[in-house]
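J.: structure of the sequence below:
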Amino acid sequence: MTQFDEFLLRIKKYPDFFENVAFWQTQIAQQAQPFPFPSWLHNRLVDTFNSMGINSLYSHQFEAINCVKGGMNTVISTGTASGKSICYQIPIIDQLIKDQKSSAILLFPTKALTYDQLKSFSTILSTGKIFENQKSIAAVYDGDTPSQQRNAIRNNSKIILTNPDMLNVAILPHHTIWSEFFKNLKYIVIDEIHLYRGVFGSNIANLIRRLKRVAVFYGSSPRFIMTSATIANPKELASNLIEEETISIEADGSPKGEKNFVIYNPPVIDKDLGIRESLLTSTSKISELFLLSNIQTLIFCRTRRFVELLVREIQALNPRSTKQIRGYRSGYLKKDRREIEEGLKNGSISLAIATNALELGIDIGGVDAVLLAGYPGSIASLHQRSGRSGRSLNSSVAILIASMNPLDQFFARDPKYLMDRPLEQALIDANNPLILLSHIKSAAFELPFEESANFGLLNWTHLEEYLEYLCEEGVLQKKKTRYYWLSEHYPSGDFSLRSTISVRILLKYEDDGVIETIGDVDYNSALWMTHPGAIYLQDGLAFYVKTLDLEKGIAILTKSQADYLTEPIISVDIDAISQLKVKTFQNFILQYGEIEVTSKVTGFKKIQIITREILSAENLELPENRLQTTGFWIELTEKCVGLMRSKSIWLSDPNDYGRKWKSIRDSVRNRDNFTCQSCGRSEADVSFHVHHKIPFKMLFSIEEANEFGNLVTLCPDCHRRVELNFKIRSGLSGLKYLLTNLAPLLVLCDSTDLGSYVDPNAKFSNLKPVVLIYDSIPAGIGLSSSLYERFYELLTKCRELLDQCDCKEGCPSCVGPTSEVGIGGKKETSFLLSLLLEQDIK
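T.: Sure, this is the predicted structure:
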């Protein structure tokens, strides 16, 4: 029995851990399914693999390379560490041995993956001494490639490893200096295509349209080889990306060690309120068990902020081991990320805490354990992250630590649903207008458009509309049957493939007059992460944001010793542009359409780290963001609201304090000597407020609510602080919370892919009560459309979860976090759901 197996036995006997285990599944080890190398492979290549200790192929590798050999576009969708890279390495090198003019381009989503694959290609080429000039055969061509090396790479290298961003800005716009490479292009590899969804995926689909257009211009017809983690629709996604027929290989023939999958549901610490131990505390405690047993562990978190909070927490518990405990996320400098990757490989880092930045196949060696701090949002990500443990054939464990999020609790209460749940489908929309327009500009810069041409599957009728619009804008000119690029502007440099915002804000740390760059964030994130006065966390350290200069793209930070954290206050306004679909029911109207979302960071809260008390709220003046997108919304009918009022559970009407309220308020102020009972300040020119200690809407009568013992004088500042700490949740906000958090049950999305909004008097909907869910991506990507069509199914899941929750009044596991936006709401939300599930159509 190994040390790790002994550890697993120990924690099963450790009551503080095991009594909170909701599920433990052990998957037995899987033997490899070996196949011989195909007879058509060149002997030199087979000998090379034999000398590397690889004497056979796994079944999926054998099937994949035969499909590629047969001229088929192929996607390989198998588990983590299943040897997918061999599926493209073998065809590329075999083709190159037989035709030394042939070329291949490989696209990886991150630079780290690109350099990993360069090492792998270099090992194969050098081991077999297949080519005389093997050092120049394969090369990375990205933003870090020195300019003096680029010409040699273009002229000599046959295997180009790059990323989509470099293809967009540096290769396709300058295809004329790559003419020989494109003339002989035989293979295009797209790695990790499961990441290519949403904005990124829609951009990649258009980038491939441009790449194919250039290839056709040079007379080549390359085949595509793609790899993917396990998702529901790898064949469909691959076909949508390249707009061609694709063969999908999904049966995994690689060997696997014994894998343990555990769901841990933190203990309940307040049964009445339904509050469980925090995700931060539980994850820290469990990580301690692994640290003390010297088991290298990787923790995945859902947000950048949680990574930093967890790093601080675990480092504080282990002050002697801080160098062995590191964070890893976007925004860190490249040298810091490489250092952490190397530390995981050589074992000098015992515990890494990361976002999905380490979800990919970056070579970090093998970790024995993976902790997932909350459900990652999709089954595909759950498999991918869990698969990071046990890279060898040894036993491994992955523990999903459930948060108070409704989706996490749904799975903790019904693990079978999670295990039996089908994989989600990845959605892209190559014809999203905002994305498409940028690529049509870039394509026109690269090659003129011929009249009657298509752009991928975008037919001439639709393409012509864009081309004529660009002619009107003065960037294209039509001469006879061709559309030519006119502008001196360079269109590919104007947009980001990964988001709709390409501007980055540099984070500069100032210490005794010395300034150094410690990271960066995108423009939109800067508004809420690094606004003036914010506490910014990175790698266990806290920084105070001194200034934010959006024009120069710089935030100045200093060291912080504050005992508080900050959270932004964001105002949102909605305007409906058009209604595209509508369904009318007895108690509500379900609508889908185009909307404009205007959001603005108007201030921030200072929150005490230990008590979570809101210390103060500060105002900010920052630019607003406008987003045109799609969404669906529920508009409650008068009948529905009337039924809730009749049960005294409609909490969204303005407070009516009664006709005697003015005299009661003045009497309370007089009783309190016109002095704030919190800070001691006396009234001056403006009358102070009178606050209900027990909120007005929680009591059954005006008389009870307005009893003197329930009233206290507060200055406006203290009143605002108290109100921030204590609010009442309505059924509308409870419904919004459930819909938003359970949406990933039905669509493949991240927490940031959907936005939500609630308003009892929505201006865009004739002052009716509304709950809105929208795509947080310009022009939409199909998420809210899919949810609109499956709305009844989503409501049913909300009903199931609410019925299963043991709390009395409402909690973070059902209608919302008590500590954030109020108490109660369960009864109101439950009744509202009952009304919505009455499906009689008018």
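
J.: hey, let's count contacts and neighbours off CA atoms from now on
T.: OK.

J.: distance from the helix or strand hosting residue 525 to the middle of the chain?
T.: Per DSSP states H and E, residue 525 falls inside helix 523-529. Distance of helix 523-529 from the chain centroid (C-alpha atoms, centre = their mean, to the nearest Å) equals 16 Å.

J.: stretch 657-671 now?
T.: On C-alpha atoms, centre = their mean, the centre of stretch 657-671 falls 50 Å from the chain's centre.

J.: just the C-alphas of the helix holding residue 525, formatted as CSV.
T.: This file holds the C-alpha atoms of helix 523-529, laid out as CSV (Å, rounded to 0.1, in the frame of the first residue of the first chain):
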residue,chain,number,x,y,z
TYR,A,523,-10.4,47.5,-18.7
ASN,A,524,-13.8,46.3,-17.5
SER,A,525,-12.3,44.3,-14.6
ALA,A,526,-10.2,47.3,-13.6
LEU,A,527,-13.4,49.3,-12.9
TRP,A,528,-14.4,47.0,-10.1
MET,A,529,-11.1,45.4,-9.1
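
J.: show me what that helix is packed up against.
T.: strand 504-511, strand 564-584 (3 or more C-alpha pairs under 8 Å, 6 or more residues apart in numbering; DSSP states H and E).

J.: out of these, which one sits most buried?
T.: Comparing the helices and strands packed on helix 523-529 by mean neighbour count (mean count of other C-alpha atoms under 10 Å), strand 504-511 comes out on top with a mean of 20.

J.: can you list contacts of that strand?
T.: For strand 504-511, the external contacting residues (C-alpha atoms under 8 Å, 6 or more residues apart in numbering) are 515-523, 526, 550, 553-559.

J.: what's the answer for stretch 194-207, then?
T.: 109, 164, 168, 228-231, 234, 237, 240-242, 426-432, 435-436, 439, 456, 497-500, 777, 781.

J.: what does stretch 747-758 give?
T.: With C-alpha under 8 Å, 6+ apart, stretch 747-758 has contacts from 376-378, 424-427, 572, 732-733, 736, 740, 744, 769-777, 783-784, 786-787.

J.: returning to that earlier point: beyond the helix holding residue 525, next helix or strand please.
T.: Heading C-terminal from helix 523-529 (DSSP H and E), you reach strand 535-538.

J.: strands paired with that next one, and their directions?
T.: Partners of strand 535-538 in the sheet, by DSSP bridges, are strand 541-549 (antiparallel).

J.: need the CA coordinates for the strand it pairs with. CSV is fine.
T.: C-alpha atoms of strand 541-549 as CSV (Å, rounded to 0.1, in the frame of the first residue of the first chain):
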residue,chain,number,x,y,z
LEU,A,541,-0.4,40.1,-0.6
ALA,A,542,-2.8,43.0,-0.2
PHE,A,543,-2.4,46.3,-2.1
TYR,A,544,-4.2,49.6,-1.8
VAL,A,545,-5.2,51.2,-5.1
LYS,A,546,-3.9,54.8,-4.9
THR,A,547,-4.9,55.9,-8.4
LEU,A,548,-6.5,54.5,-11.6
ASP,A,549,-5.7,56.3,-14.9
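
J.: quick one: that strand to strand 504-511, angle?
T.: If you take axes from the mean of the first three to the mean of the last three C-alpha atoms, to 10 degrees, strand 541-549 sits at 120 degrees to strand 504-511.

J.: still on that earlier bit, which of the contacts of stretch 194-207 count as buried?
T.: With neighbours counted using 16 or more other C-alpha atoms under 10 Å, these contain these buried positions: 109, 164, 168, 228-231, 234, 237, 240-242, 426-432, 435-436, 439, 456, 497-498, 777, 781.

J.: ends of stretch 100-117, what's the gap?
T.: 20 Å (C-alpha to C-alpha, to the nearest Å).

J.: tell me the gap between that stretch and the middle of its chain.
T.: Distance, centroid of stretch 100-117 to centroid of chain: 25 Å (C-alpha atoms, centre = their mean).

J.: residue 166: neighbour count?
T.: When counting by other C-alpha atoms under 10 Å, one arrives at 14 neighbours for residue 166.

J.: now it: which helix or strand?
T.: helix 164-166.

J.: what's the average pLDDT for that helix?
T.: Here helix 164-166 scores 94 as its mean pLDDT.

J.: can you check stretch 288-302 too?
T.: 93.

J.: buried ones in that stretch?
T.: Under 16+ other C-alpha under 10 Å, the buried positions of stretch 288-302 are 288, 290, 291, 295, 296, 297, 298, 299, 300, 301, 302.

J.: go on, stretch 351-359?
T.: Buried, per 16+ other C-alpha under 10 Å, within stretch 351-359: 351, 352, 353, 354, 355, 356, 358, 359.

J.: give me the pLDDT value at the third one.
T.: This means residue 353. 94.

J.: is it within a helix or a strand, and which one?
T.: With DSSP H and E as the criterion, the answer for residue 353 is strand 351-354.

J.: ok, that strand: who's next to it in the sheet?
T.: Checking strand 351-354 against DSSP bridges gives partners strand 297-301 (parallel), strand 325-328 (parallel).

J.: run through who's touching it.
T.: 291, 296-301, 307, 310-311, 324-329, 340, 344.

J.: please repeat the previous calculation with a cut-off of 7 Å.
T.: 296-301, 307, 311, 324-329 (C-alpha atoms under 7 Å, 6 or more residues apart in numbering).

J.: out of the helices and strands packed on helix 523-529, which gets nearest to residue 480?
T.: Nearest to residue 480 among the helices and strands packed on helix 523-529 is strand 564-584 (37.8 Å), distances taken as C-alpha to C-alpha.

J.: by contact count, what packs against the closest one?
T.: strand 588-608 (3 or more C-alpha pairs under 7 Å, 6 or more residues apart in numbering; DSSP states H and E).

J.: list the buried residues in the strand it packs on.
T.: Buried-residue list, strand 588-608, by 16+ other C-alpha under 10 Å: 588-597, 599-608.

J.: what about that strand, distance to the chain center?
T.: On C-alpha atoms, centre = their mean, the centre of strand 588-608 falls 19 Å from the chain's centre.

J.: what about that strand, average pLDDT?
T.: 94.

J.: partners of that strand in the sheet?
T.: strand 564-584 (antiparallel), strand 614-619 (antiparallel), strand 625-636 (antiparallel).

J.: lowest average confidence across those strands, which one?
T.: strand 614-619 (a mean of 85).

J.: can you give me the distance of the residue nearest the centre of the chain to residue 80?
T.: Centroid-nearest residue in the chain, with C-alpha atoms, centre = their mean: residue 750, separated by 4.0 Å. For residue 750, the distance to residue 80 equals 20 Å [C-alpha to C-alpha].

J.: then residue 242?
T.: In terms of C-alpha to C-alpha, residue 242 sits 24 Å off from residue 80.

J.: again with residue 214
T.: Following C-alpha to C-alpha, the distance that separates residue 214 from residue 80 is 33 Å.

J.: now do residue 364
T.: 13 Å.

J.: tell me how far whichever helix or strand comes after the helix holding residue 166 lies from the chain's centre.
T.: Note on helix 164-166: by DSSP H and E, the next helix or strand toward the C-terminus is helix 179-183. The chain centre lies 37 Å from the centre of helix 179-183; the measure is C-alpha atoms, centre = their mean.

J.: contacts for helix 179-183?
T.: Taking C-alpha under 7 Å, 6+ apart as the rule, helix 179-183 contacts 103, 215, 218, 219, 220.

J.: now render the buried residues of stretch 288-302 as TSV, adding distance to residue 708.
T.: Converted to TSV, the buried residues of stretch 288-302 look like this (distance: C-alpha to C-alpha, whole Å):
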residue	distance to residue 708
288	51
290	55
291	55
295	60
296	60
297	57
298	56
299	52
300	51
301	48
302	46
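
J.: next, give me the two most distant ones among these.
T.: So, the buried residues of stretch 288-302 by C-alpha to C-alpha: farthest apart are 295 and 302, at 22.5 Å.

J.: and the nearest residue to residue 222 once chain neighbours are set aside, how many neighbours does it have?
T.: Distance criterion C-alpha to C-alpha, 6 or more residues apart in numbering; nearest residue to residue 222, sequence neighbours excluded, is residue 186 at 4.3 Å. A count of nearby residues for residue 186, using other C-alpha under 10 Å, gives 22.
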